[in-house]
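[1] Any chance you could fold what I've pasted below:
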Amino acid sequence: MLDSGELENAKSMSIIVTKGSLDWAYPPFILGTTAAAMDVEVTMFFTFYGLTLLKKDLNLKFTTLGNPAMEMPMMGGHMAMPNIVGMLPGVGAAAGTMMKNLIKKKGVASIEELREAAIESDIKMIACQMTLDLFEYSKDDMIDGIELGGAATYLETALKSDINLFI
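    Numbers count the residues shown, from 1 in each chain. This is a model prediction of the structure:
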């Protein structure tokens, strides 16, 4: 565990969140809330498909295609899913259900819980205005506690941040 003296060079972090699937939702929220718990000022900028993570009603899918590293614990081992299987109708939904069940069984926080923790931790969450317009969402579709902004809004923060992540 780092003490506060070791964190002198990391007092702010920005994260660009570009993906909105279940498996891609965890890294930015876990890194953001962990950094906030370590007294790092965190800004998260949600753009393109990452914007859906700010919607009031989440219906997160699981990405099976193009993910050769995906393995699921099963029958005492790990089962890998060949990419071709992920193309079959219903496989993505089944894999998503399996992952959600595994997350719950293992006591891992849900994305909704991590999102709430981000709000409680005063993480600045910016919804990309251009993406809202592009996909015809309104601020009313999104959770409370977010800001609207564009690339310039994000860059104002990123240019001053000690750590910048693109997820």
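[2] can you give me the helices for the protein?
    Using DSSP state H, the helices assigned to the chain run over residues 22-37, 83-86, 91-105, 111-120, 129-134, 151-158.
[3] With just CA atoms, put the last one into CSV.
    Just to be clear, that refers to helix 151-158. These are the backbone C-alpha positions of helix 151-158, laid out as CSV (Å, rounded to 0.1, in the frame of the first residue of the first chain):
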residue,chain,number,x,y,z
ALA,A,151,-13.5,17.9,-26.4
ALA,A,152,-12.4,21.3,-25.3
THR,A,153,-14.0,20.8,-21.9
TYR,A,154,-12.2,17.5,-21.5
LEU,A,155,-8.9,18.8,-22.7
GLU,A,156,-9.0,21.7,-20.2
THR,A,157,-8.8,19.0,-17.5
ALA,A,158,-6.5,16.5,-19.4
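[4] Pull out the buried positions in that helix.
    Buried residues in helix 151-158, defined by neighbour count with 16 or more other C-beta atoms under 10 Å: 153, 154, 157, 158. Where C-beta positions appear, they are placed from N, C-alpha and C, glycine not excepted.
[5] Tell me which residues touch the last one, please.
    Meaning residue 158. With C-beta atoms under 8 Å, 6 or more residues apart in numbering as the criterion, the residues that contact residue 158 are 14, 43, 45, 164.
[6] Pick the one among the residues you listed closest to residue 131.
    residue 45 (10.1 Å; C-beta to C-beta).
[7] Could you tell me how many residues sit around that closest one?
    Residues lying near residue 45 (other C-beta atoms under 10 Å) number 27.
[8] List the residues that contact it.
    Remark: with contacts taken as C-beta under 8 Å, 6+ apart, residue 45 is in contact with 14, 15, 16, 17, 126, 128, 149, 153, 154, 157, 158.
[9] who wins for most neighbours among the contacts of residue 158?
    The member of these surrounded by the most neighbours (other C-beta under 10 Å) is residue 45, with 27 neighbours in all.
[10] contacting residues around the residue lying closest to that residue once chain neighbours are set aside?
    In space, residue 45 comes closest to residue 154 once its chain neighbours are excluded; the distance is 4.2 Å by C-beta to C-beta, 6 or more residues apart in numbering. Residues in contact with residue 154, defined by C-beta under 8 Å, 6+ apart, are 14, 16, 43, 45, 126, 128.
[11] on that earlier part again, same list (the contacts of residue 158) but as a markdown table, adding distance to residue 33 and pLDDT.
    Output for the contacts of residue 158, formatted as a markdown table (distance: C-beta to C-beta, whole Å; pLDDT from 0 to 100):
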| residue | distance to residue 33 | pLDDT |
| --- | --- | --- |
| 14 | 15 | 97 |
| 43 | 13 | 97 |
| 45 | 16 | 98 |
| 164 | 17 | 95 |
